[in-house]
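Trainee: Structure here, sequence nowhere to be found:
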């Protein structure tokens with residue numbers, strides 16, 4: 001079940017609740033009992049690393065590169 005972060009407008013406490021996505025925007029009561037809270041925008045960090053660099057693209061058959069000198073636009 002996802003966790004959502006809220007801030008109480010009355011006391012300023014920030015707290016988290018686990019609840020279904022369908023209830024993420026429903027009113028939340030802070031741990032001290034206040035009912036006036038707002039859901040905070042959370043950021044998600046996804047970490048990882050590549051084990052090898054991406055392969056370079058292979059040259060096209062028939063030669064001819066891009067750009068002016070290799071593309072045939074020079075006279």
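Mentor: That came through fine. Predicted model, so just to flag it, every value in this text is computed and none were measured.

Trainee: quick one, strands of this protein?
Mentor: 3-8, 14-18, 37-39 (DSSP state E).

Trainee: List the buried residues of the shortest one.
Mentor: Counting neighbours by 16 or more other C-beta atoms under 10 Å, one finds that the buried residues in strand 37-39 are residue 37. To be clear about C-beta, it is placed using only N, CA and C from the backbone, and glycine gets the same treatment.

Trainee: Describe which strands that strand pairs with in its sheet and in which direction.
Mentor: Neighbouring strands of strand 37-39 in its sheet, by DSSP bridges, are strand 3-8 (antiparallel).

Trainee: residues making contact with the partner strand?
Mentor: Residues from elsewhere that reach strand 3-8 (C-beta atoms under 8 Å, 6 or more residues apart in numbering): 13-19, 24, 28, 30, 32, 34, 36-40, 42.

Trainee: One more: stretch 9-27?
Mentor: Contacts made with stretch 9-27 from outside it, assessed by C-beta under 8 Å, 6+ apart, are listed as 1-8, 28, 30-32, 34-40.

Trainee: per-residue pLDDT, residue 40?
Mentor: At residue 40 the predicted local confidence, pLDDT, stands at 93.

Trainee: ok now do it, which residues does it touch?
Mentor: By C-beta under 8 Å, 6+ apart, the residues touching residue 40 are 4, 5, 6, 7, 14.

Trainee: run the last query once more with 7 Å
Mentor: Taking C-beta atoms under 7 Å, 6 or more residues apart in numbering as the contact definition, residue 40 lies against 5, 6, 7.

Trainee: Tell me the most packed of the residues you listed, by neighbour count.
Mentor: Tallying neighbours with other C-beta atoms under 10 Å puts residue 6 at the head of the contacts of residue 40, with 19 neighbours.

Trainee: rewinding a little: which of the contacts of residue 40 sits closest to residue 47?
Mentor: Nearest to residue 47 among these is residue 5, at 19.7 Å by C-beta to C-beta.

Trainee: all helices of the protein, in order?
Mentor: 67-71 (DSSP state H).
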